[in-house]
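A.B. asks: Provided below for reference: sequence and predicted model.
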Amino acid sequence: MKIDLQTVVDNAPVKSLQIRVALICALVMMVDGYDLTIIGVALPSIISGMKVDASVAGVVASCALIGMMLGAMGLGALADKIGRVRSIALCVFIFSFFTGIGGFVDSPWQLAALRFVAGLGLGGVLPSILAAVSEVTPKRIRSRFTMLMFAAYPTGGIIATVIGKHYLEVHGWQILFFVAFVPLILIPLILKGIPESAAVLQKLGDHAALRKLATSLDPSLKIDESSVIQNHTVSHHSGAPITRLFQEDRAISTCMLWLSLFMGLFTLYALHSWLTKLMGMAGHTPGTALTFLLMLNIGAVVGSCLSGWLADKYGIQRVLFVSLIIGGCCIAVLAQPLPQTVLFGVAFMLGITVPAAQGLCFTYSSQFYPSDIRSTGIGMASGVGRIGGILAPMIIGVFISLNLPFEQNFYLLASAAILQAIAITFINNRVADFNVSRVQS
């Protein structure tokens with residue numbers, strides 16, 4: 001008896017397997033979000049403590065993003081060859097260990113080097129966990145499940161901000177980095193709790209593991225030793241996975257996904273790295289400026305949960321476009337001299353839209369490509385997007401060091417959000433895997 005595993009996944013009931021994978025990956029996402037946010041929380045203290053210029057601090061912030069770009073491209077593609085599970089565990093070790101060591105340094109360039117290495121793990125883990133969740137989740141709730149997991153990302157940012165508000169003045173910025181050692185305890189849970197990708201198992205010819213995976217996905221299946229488990233999304237193309245991103249009418253859509261994430265991560269990482277500093281320049285106290293970052297991350301949690309439900313109901317493309325247009329307007333409003341409570345509300349709405357939209361954009365990538373090039377597709381889109389993230393802290397840092405009006409930074413970021421919305425409209429859903437799979441199922 002032949003069983004198509006992709007059809008099983010698409011129509012499977014939600015069981016303990018999907019919940020377990022989503023929870024473990026959510027924990028990894030939370031740690032990833034914490035690690036990214038601590039630089040924005042610590043940056044004002046690093047600038048004063050190490051006596052460095054804002055432009056130098058921008059370079060330090062960007063070093064992690066350079067590592068993330070290389071990690072997303074390299075480790076994302078590697079995961080399609082060595083397996084998702086080992087790739088996730090390796091990445092968690094890299095970013096936890098090297099971030100924690102950052103608390104011991106006293107030079108901005110030492111910190112920059114460690115942030116680069118940590119960034120390799122931060123960038124490399126995202127393609128694998130997105131692919132891992134997408135490949136065990138039923139199609140009818142795939143966006144919702146993935147975005148609920150993404151809600152853990154800003155939760156990590158909330159934790160970083162709360163630690164900063166309560167312990168930064170007493171223990172220094174180093175405490176934020178020391179906490180990053182804790183996630184190392186997740187590695188055994190990752191190795192034991194996440195099943196290997198069906199695409200990898202099929203390439204390895206591990207039929208016993210494929211039968212076990214199919215049974216875990218749907219216990220009602222009648223599977224025995226004679227059952228042949230196949231995954232029709234695994235291609236027999238001989239070309240390199242990266243070249244296949246541009247085949248089968250995917251070229252324009254791939255470029256638009258890359259452009260979208262470039263603009264999106266430019267906006268997101270600029271906000272995470274410099275929002276507290278910019279709001280301080282607008283006349284707010286350090287504690288109040290951190291509250292804006294807190295409201296942004298709280299909004300991102302709400303937006304991640306809400307946008308997944310909306311995407312399953314109305315389609316990812318529509319939800320992304322509307323979210324980014326609203327988010328761009330919110331960024332521009334933050335530059336206006338409005339009452340503080342109003343600006344807190346605007347920061348919360350900004351969190352609901354722009355950060356959540358980036359998670360939804362990654363979700364789009366995870367559903368757009370076939371299973372056997374999924375990590376490569378997500379990794380390349382993420383890697384190109386990180387270039388925007390790399391440029392953002394440096395460009396904003398230069399603007400600040402030149403004493404340009406702080407409003408110009410917000411208008412630049414608002415324009416990037418609008419451009420991302422435009423790029424999204426050029427993605428062709430007709431060639432996406434979620435439509436191809438529906439025809440073949």
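C.D. replies: Done, it's in.
A.B. asks: Okay, buried residues for the longest helix anywhere in the chain please.
C.D. replies: Assignment by DSSP state H gives helix 16-49 as the longest helix of the chain. For helix 16-49, burial by neighbour count (16 or more other CB atoms under 10 Å) applies to 17-18, 20-22, 24-47. Where C-beta positions appear, they are placed from N, C-alpha and C, glycine not excepted.
A.B. asks: next SSE after it?
C.D. replies: Remark: after helix 16-49, the chain's next helix or strand is helix 54-82, criterion DSSP states H and E.
A.B. asks: Surely residue 270 and residue 396 touch.
C.D. replies: Yes: contact criterion CB atoms under 8 Å: residue 270 and residue 396 qualify, at 5.2 Å.
A.B. asks: what do those two both touch?
C.D. replies: residue 409 (CB atoms under 8 Å, 6 or more residues apart in numbering).
A.B. asks: For this protein, give me the ranges with low pLDDT.
C.D. replies: Low-confidence segments of the chain, defined by pLDDT under 70: 1, 4-6, 9, 76-77, 80, 206, 224-241, 436-441.
A.B. asks: which residues touch residue 354?
C.D. replies: Residues in contact with residue 354 (CB under 8 Å, 6+ apart) are 264, 267-268, 271, 323-324, 327-328, 330-331, 417.
A.B. asks: Quick check: of the residues you listed, which lies closest to residue 338?
C.D. replies: Of all these, residue 330 has the smallest distance to residue 338: 11.8 Å, by CB to CB.
A.B. asks: Give the closest residue to the closest one in space, chain neighbours not counted.
C.D. replies: Spatial nearest neighbour of residue 330, excluding adjacent residues (CB to CB, 6 or more residues apart in numbering): residue 350 at 4.0 Å.
A.B. asks: Go ahead and confirm the one you found touches residue 328.
C.D. replies: No: the pair residue 350 and residue 328 fails to qualify as a contact (CB under 8 Å) at a distance of 9.4 Å.
A.B. asks: Between the two, which has more neighbouring residues?
C.D. replies: Counting neighbours by other CB atoms under 10 Å for residue 350 and for residue 328 shows that residue 350 has the greater number, 30 against 24.
A.B. asks: Tell me which residues touch that one, please.
C.D. replies: Residues counted as contacts of residue 350 (CB under 8 Å, 6+ apart) are 271, 296, 299, 327, 330-331, 334.
A.B. asks: Would you tell me what the next helix or strand after the helix or strand where it lies is?
C.D. replies: Assigned by DSSP H and E, residue 350 belongs to helix 340-368. Using DSSP H and E, the helix or strand that follows helix 340-368 towards the C-terminus is helix 374-401.
A.B. asks: Measure how that following helix sits relative to helix 54-82, angle-wise.
C.D. replies: Counting by axes from the mean of the first three to the mean of the last three CA atoms, to 10 degrees, helix 374-401 lies at 180 degrees to helix 54-82.
A.B. asks: Can you list the helices and strands that whichever helix or strand comes after helix 374-401 packs against?
C.D. replies: Following helix 374-401 in sequence order, the next helix or strand is helix 406-424 (DSSP H and E). Packing partners of helix 406-424 (3 or more CB pairs under 8 Å, 6 or more residues apart in numbering; DSSP states H and E): helix 251-281, helix 316-334, helix 340-368, helix 374-401.
A.B. asks: quick one: buried residues of helix 406-424?
C.D. replies: 406-407, 409-410, 412-414, 416-421, 423-424.
A.B. asks: Just want the angle from that helix to helix 316-334.
C.D. replies: Going by the same axes, to 10 degrees, helix 406-424 makes 170 degrees with helix 316-334.
A.B. asks: what's in contact with helix 406-424?
C.D. replies: The contact list for helix 406-424 (CB under 8 Å, 6+ apart) reads 256, 259-260, 263-264, 266-267, 270-271, 274, 278, 281-282, 317, 320-321, 324-325, 327-329, 331-332, 334-335, 354, 357, 361, 388, 395-396, 399-400.
A.B. asks: can we see that at 6 Å?
C.D. replies: Applying CB atoms under 6 Å, 6 or more residues apart in numbering, the contact partners of helix 406-424 are 256, 259-260, 263-264, 266-267, 270, 278, 281-282, 320-321, 324-325, 327-328, 331-332, 334-335, 354, 396, 399.
A.B. asks: Mark which of the residues you listed are buried, thanks.
C.D. replies: 256, 259-260, 263-264, 266-267, 270, 278, 281-282, 320-321, 324, 327-328, 331-332, 334-335, 354, 396, 399.
A.B. asks: Name the surrounding residues that touch stretch 376-394.
C.D. replies: Stretch 376-394 is contacted by residues 58, 61-62, 65-66, 68-69, 72-73, 76-77, 80, 126-127, 130, 241, 245, 257-258, 261-262, 265-266, 269-270, 273, 365-366, 369 when judged by CB under 6 Å, 6+ apart.
A.B. asks: Of all the residues in it, which ones are buried?
C.D. replies: Those would be 376-394, for stretch 376-394 by 16+ other CB under 10 Å.
A.B. asks: gap between it and the chain center?
C.D. replies: In terms of CA atoms, centre = their mean, to the nearest Å, the centre of stretch 376-394 is found 10 Å from the chain centre.
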